[in-house]
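Visitor: A predicted structure for the sequence below; I have some questions about it.
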Amino acid sequence: RKEVEQDPGPFNVPEGATVAFNCTYSNSASQSFFWYRQDCRKEPKLLMSVYSSGNEDGRFTAQLNRASQYISLLIRDSKLSDSATYLCVVNMWAGGFKTIFGAGTRLFVKA
Amino acid sequence: DVKVTQSSRYLVKRTGEKVFLECVQDMDHENMFWYRQDPGLGLRLIYFSYDVKMKEKGDIPEGYSVSREKKERFSLILESASTNQTSMYLCASSYATSGAYGGLFFGEGSRLTVL
């Protein structure tokens, strides 16, 4: 089983749609959680951290459920510019701190 | 804004050549990382450093070495480049938060082709 697993993509949605990505992690010692966005042939960019209390940044909402070892990202009112790959990232202690990237979920927003 | 700068965006080298990839960050981050990214394999950690002159092996250190002589600079060295090291190389840096690494800030990447 992979340490961090994400929804298989790609997701194809119309502009204005709401889309949700899910991510599960296997190590209960995981300490911090993030969503990154990566455009084609570009570097990953930090989108937002994820907290147990949930956090929102404009159209983006992230949630963490430690009991279920589950992270989510909700994008409301999708824009064409949201088209990208979204990476779930987990920092954990495994004999030293490790940052584990999920494989990413590809999102296409269509006009 | 955090700036992580990689010295070369595109490089073409021949098998057996020594390759240096340089990375500089301007945010006084303690932690620096080198990843490679390949289609279908995602991001894989090569080496990381949490302090000057300190280095730790990541998941795929074979064929690579690193150097961190100054806090802001982290270099990746391919002693003898091989064709299977053709890849996108990404440098990243981060602060440390509550004993765990914070979010990573990446450079634009160095696309290396080994012929």
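Guide: Yes, it's here.
Visitor: mind showing which ranges of the chain have poor pLDDT?
Guide: Since you didn't name a chain, this refers to chain A. Flagging of chain A using pLDDT under 70 yields the residue ranges A:94-96.
Visitor: sorry, I should have been clearer: chain B.
Guide: If you take pLDDT under 70 as the line, chain B has these spans: B:1-2, B:97-102.
Visitor: residue ranges of the strands in it, please?
Guide: B:4-6, B:10-13, B:19-25, B:31-38, B:42-49, B:56-57, B:65-70, B:73-78, B:87-94, B:96-97, B:100-101, B:105-106, B:110-114 (DSSP state E).
Visitor: swap in chain A?
Guide: For chain A, the strands defined by DSSP E cover A:4-6, A:11-14, A:19-25, A:30-38, A:44-50, A:55-57, A:60-65, A:70-75, A:84-93, A:97-101, A:105-110.
Visitor: give me the buried positions along the first one.
Guide: Of the residues in strand A:4-6, those with enough neighbours to count as buried (16 or more other Cβ atoms under 10 Å in any protein chain shown) are A:4, A:6. C-beta: built from backbone N, CA, C; applies to glycine.
Visitor: now do the longest one
Guide: By 16+ other Cβ under 10 Å, the buried positions in strand A:84-93 come out as A:84, A:85, A:86, A:87, A:88, A:89, A:90, A:91, A:92.
Visitor: and residue A:18, how many neighbours?
Guide: Counted with other Cβ atoms under 10 Å in any protein chain shown, residues neighbouring residue A:18 total 11.
Visitor: residue B:38 now?
Guide: Residue B:38 has 12 neighbours, counted by other Cβ under 10 Å.
Visitor: now do the contacts for it.
Guide: Residues counted as contacts of residue B:38 (Cβ atoms under 8 Å, 6 or more residues apart in numbering or on different chains) are B:44, B:87, B:88.
Visitor: beta partners for it?
Guide: Per DSSP bridges, the residues bridged to residue B:38 are residue B:42.
Visitor: gap between the two ends of stretch A:50-60?
Guide: One end of stretch A:50-60 to the other measures 11 Å (Cα to Cα, to the nearest Å).
Visitor: ok now that stretch, how far from the chain's centre?
Guide: Averaged C-alpha coordinates place stretch A:50-60 at 11 Å from its chain's average position (Cα atoms, centre = their mean, to the nearest Å).
Visitor: give the buried residues for that stretch.
Guide: For stretch A:50-60, burial by neighbour count (16+ other Cβ under 10 Å) applies to A:50, A:60.
Visitor: now residue A:32: closest residue in space that isn't a chain neighbour?
Guide: residue A:91 (4.4 Å; Cβ to Cβ, 6 or more residues apart in numbering or on different chains).
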